[in-house]
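Chemist: sequence and predicted structure, then a few things I'm wondering about:
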Amino acid sequence: MERVPSLPLPLFSSIVSFAVQDYTDQVLPETRRIHLAFNRLKDLSLVSKTWYSSVRELVYQFQRSTFTLKFQTASRHELLAMRRKVLERGRYVTDLRVSMGDVSSFGEYFRRGHRLPANLDTLELEWDALIAPMPGLRRLDLSEMPLSSPHTQKVVEAATKYCRELEALVLPGKEHHSMHPGAEVDELLSAVYK
């Protein structure tokens, strides 16, 4: 039996993004969520061994290029663990998501994580050390951060320093009324337009 030659991965990825709903190989403009397309990708991988290895490579590249910094407690131990992961994977990351809570199911309001300390805004989280190892970053998603937090501004400033290929910045939306609604965002905006 003759072996079917495999398509080059970029071409295969373009075909899959056309054929499979919720899959995209593009970092911009939408948030990439491979878990929504996982079942369809699984079906495609059953077509042949070549397709199986190609789909597997697509999933691997997605997982390698997408990274989430999810702050649960902002403890020293958690920060050191994040730093280790960033140092290991940073050079491959093109899509970074930073989370200090969650956005309600309808995407209306942000709520800070309940285990984060009350003095979070005064803690030094060393954003330069977390962002510097990601020079190829193209998309920075801060939608799960508090708009009024000084950390949001510090992340943006670190990204402008170290990530020269940054193309998209997703800023936080509204905060829950128990936070600081109507907070001053002039400093954040000046960091964005630097």
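Modeler: Right, received. Where do you want to start? Note that the structure is a prediction, hence the values are computed from the model and not measured. Numbering: from 1, shown residues only.

Chemist: residues of the host helix or strand of residue 60 that come out buried?
Modeler: Under the criterion of DSSP states H and E, residue 60 resides in helix 49-65. Across helix 49-65, burial judged by 16 or more other Cβ atoms under 10 Å covers 51, 54, 55, 58, 59, 62, 65. Yep, even glycine has a C-beta here, placed from its N, CA and C like the rest.

Chemist: and that helix, what does it pack against?
Modeler: Secondary structure elements in contact with helix 49-65, counted by 3 or more Cβ pairs under 8 Å, 6 or more residues apart in numbering; DSSP states H and E, are helix 9-19, helix 34-45.

Chemist: okay, the ones you listed in TSV with mean pLDDT and mean neighbour count next?
Modeler: As requested, these are exported to TSV (pLDDT from 0 to 100; neighbours: other Cβ atoms under 10 Å):
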stretch	mean pLDDT	mean neighbour count
helix 9-19	86	14
helix 34-45	81	15
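
Chemist: mind putting those helices into CSV with distance to residue 140?
Modeler: Rendered in CSV, the data for the helices and strands packed on helix 49-65 read as follows (distance: least, Cβ to Cβ, whole Å):
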stretch, distance to residue 140
helix 9-19, 22
helix 34-45, 19
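
Chemist: what sits against residue 152?
Modeler: Each residue near residue 152 by Cβ atoms under 8 Å, 6 or more residues apart in numbering is listed here: 142, 145, 146, 171, 172, 188.

Chemist: what's the closest non-adjacent residue to it?
Modeler: Of all residues beyond its chain neighbours, the one nearest residue 152 is residue 145 (5.0 Å), with distances taken as Cβ to Cβ, 6 or more residues apart in numbering.

Chemist: could you do residue 63 as well?
Modeler: Distances taken as Cβ to Cβ, 6+ apart put residue 34 closest to residue 63, at 7.8 Å, once the chain neighbours are dropped.

Chemist: all strands of this structure, in order?
Modeler: Remark: strands of the chain, listed N- to C-terminal, are 66-70, 95-99, 101-103, 110-112, 139-144, 168-170; assignment by DSSP state E.
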